[in-house]
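Engineer: Need a 3D model of the following:
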Amino acid sequence: MNNKSFISEVANRTGMDSEDAQMFAYTLVDVMNECFQKGDVVSFSNFGSFEVKKRMERIMVSPNSKKRMLVPPKLVLSFKPSSTIKEKIKNGGLQ
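Structural biologist: Numbering: from 1, shown residues only. Reported below is the predicted structural model:
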């Protein structure tokens, strides 16, 4: 689903017009981004949680040259689905 179809679906389900639904989605993303910048976890009940985690530095081997390289530490965004979502997917999808 792309951005346009997502906004359209939100507008249809909530009764908002497309502009309000788009503003809602952009505001949601902005607030989540601010939380990630602060290191906060963002959780949605019956959906899951988003968290910024630090990936430690590691040594990797290049498959082409076989050289060992040091990969620096970095921050990554992780998502942990709720048990409700996991169960629905396991039982044939979200319906």
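
Engineer: With adjacent residues omitted, what lies nearest to E51?
Structural biologist: Spatial nearest neighbour of E51, chain neighbours left out: V41 (4.6 Å); criterion: CB to CB, 6 or more residues apart in numbering. In this view, the C-beta of every residue, glycine as well, is placed from N, C-alpha and C.

Engineer: Let me know how buried that neighbour is, in neighbour terms.
Structural biologist: By other CB atoms under 10 Å, the residues close to V41 number 12.

Engineer: and what of P73?
Structural biologist: Based on other CB under 10 Å, the number of other residues close to P73 is 9.

Engineer: and it, what does it touch?
Structural biologist: 54-57 (CB atoms under 8 Å, 6 or more residues apart in numbering).

Engineer: give me phi/psi at it?
Structural biologist: The phi and psi torsions at P73 (degrees, to the nearest 10) take the values phi -70, psi 150.

Engineer: After the helix or strand R13 falls within, which helix or strand is next?
Structural biologist: Take DSSP states H and E as the rule and R13 turns out to sit in helix 3-14. The C-terminal neighbour of helix 3-14 among helices and strands, as given by DSSP H and E, is helix 18-38.

Engineer: Whatever helix or strand comes next after that following helix pairs with which strands, parallel or anti?
Structural biologist: The C-terminal neighbour of helix 18-38 among helices and strands, as given by DSSP H and E, is strand 42-44. According to DSSP bridges, strand 42-44 forms sheet pairs with strand 48-55 (antiparallel).

Engineer: Neighbouring strands of the helix or strand following the strand it pairs with in the sheet, and parallel or not?
Structural biologist: Going down the chain from strand 48-55, the next helix or strand is strand 58-61, by DSSP H and E. In the sheet, strand 58-61 lines up against strand 68-71 (antiparallel) (DSSP bridges).

Engineer: Tell me the gap between the strand it pairs with and the middle of its chain.
Structural biologist: The chain centre lies 28 Å from the centre of strand 68-71; the measure is CA atoms, centre = their mean, to the nearest Å.

Engineer: can you list contacts of that strand?
Structural biologist: 57-62.
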